[in-house]
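*Asks:* Need the 3D shape of this:
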Amino acid sequence: MGTTPTPDDPEAWNAYLAEGNARQARKRVAADVIVRDPAGRVLAVNPDYKPGWDLPGGMAEANEAPEAAARRELREELGLEIHPRGLLVVDWVPPHGPWDDQIAFIFDGGEITTDQANALRPHDAELTEAAMLAPADVRRLLRTRLVPRYDAAMAALKDGQPRYLNDGHLIG
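*Replies:* Numbers count the residues shown, from 1 in each chain. Presented below is the predicted three-dimensional model:
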């Protein structure tokens with residue numbers, strides 16, 4: 001058995017670290033946002049590729065920060081430029097169906113103007129609708145597994161305390 005390389009030999013050390021990195025688990029990352037308007041309505045979207053409504057956002061690409069993924073998705077899907085104002089929720093989602101586990105983030109997308117809200121339209125084929133709705137109506141339209149995450153995000157908006165969930169269940 002050989003000796004473990006050290007940082008004194010950068011090439012061997014990096015090869016050793018790369019080998020360890022290749023064996024590490026990979027996680028899917030989702031990044032959504034809660035965007036509101038002056039009337040307190042919340043932005044919801046209706047994806048073409050799955051049943052039920054969703055929060056705006058989507059999946060991060062390789063080596064993309066979660067908040068950057070949220071910004072990119074809103075720009076691509078809705079033509080909306082947002083700058084997340086803070087973290088509301090992190091939810092670990094266990095494997096389900098054909099999917100591996102996932103880390104799901106919800107960020108505070110801040111408030112858009114009434115004019116911006118009225119002008120919202122899907123910009124690509126992934127969405128069939130985008131609407132500003134009363135918070136209770138958003139909750140009613142979301143898929144069942146998203147409701148606890150949404151509820152936690154709305155609570156975090158009220159009290160300023162981010163939430164960590166494990167499969168939708170509050171931890172801590």
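*Asks:* separation between Glu67 and Leu120?
*Replies:* Separation of Glu67 from Leu120 (CB to CB, to the nearest Å): 20 Å. C-beta: built from backbone N, CA, C; applies to glycine.
*Asks:* With Glu126 instead?
*Replies:* According to CB to CB, Glu126 stands 14 Å off from Leu120.
*Asks:* And for Lys50?
*Replies:* 20 Å.
*Asks:* so where's the chain shaky on pLDDT?
*Replies:* Where the chain drops to pLDDT under 70, the residues are 1, 21.
*Asks:* how about 80 then?
*Replies:* Applying pLDDT under 80 to the chain flags residues 1-2, 18, 20-22, 24-25, 172.
*Asks:* all helices for the chain, in order.
*Replies:* For the chain, the helices defined by DSSP state H occupy 10-23, 66-78, 114-119, 135-141, 147-159.
*Asks:* just these: most buried one?
*Replies:* Most buried of the helices of the chain, by mean neighbour count (mean count of other CB atoms under 10 Å): helix 66-78, with a mean of 20.
*Asks:* what helices or strands is it leaning on?
*Replies:* Using 3 or more CB pairs under 8 Å, 6 or more residues apart in numbering; DSSP states H and E, the elements in contact with helix 66-78 are strand 28-36, strand 57-59, strand 102-111, strand 127-133.
*Asks:* Spatially central, which residue of the protein would that be?
*Replies:* A centroid search over the chain (CA atoms, centre = their mean) returns Ala31, at 1.4 Å, as the residue closest to the centre.
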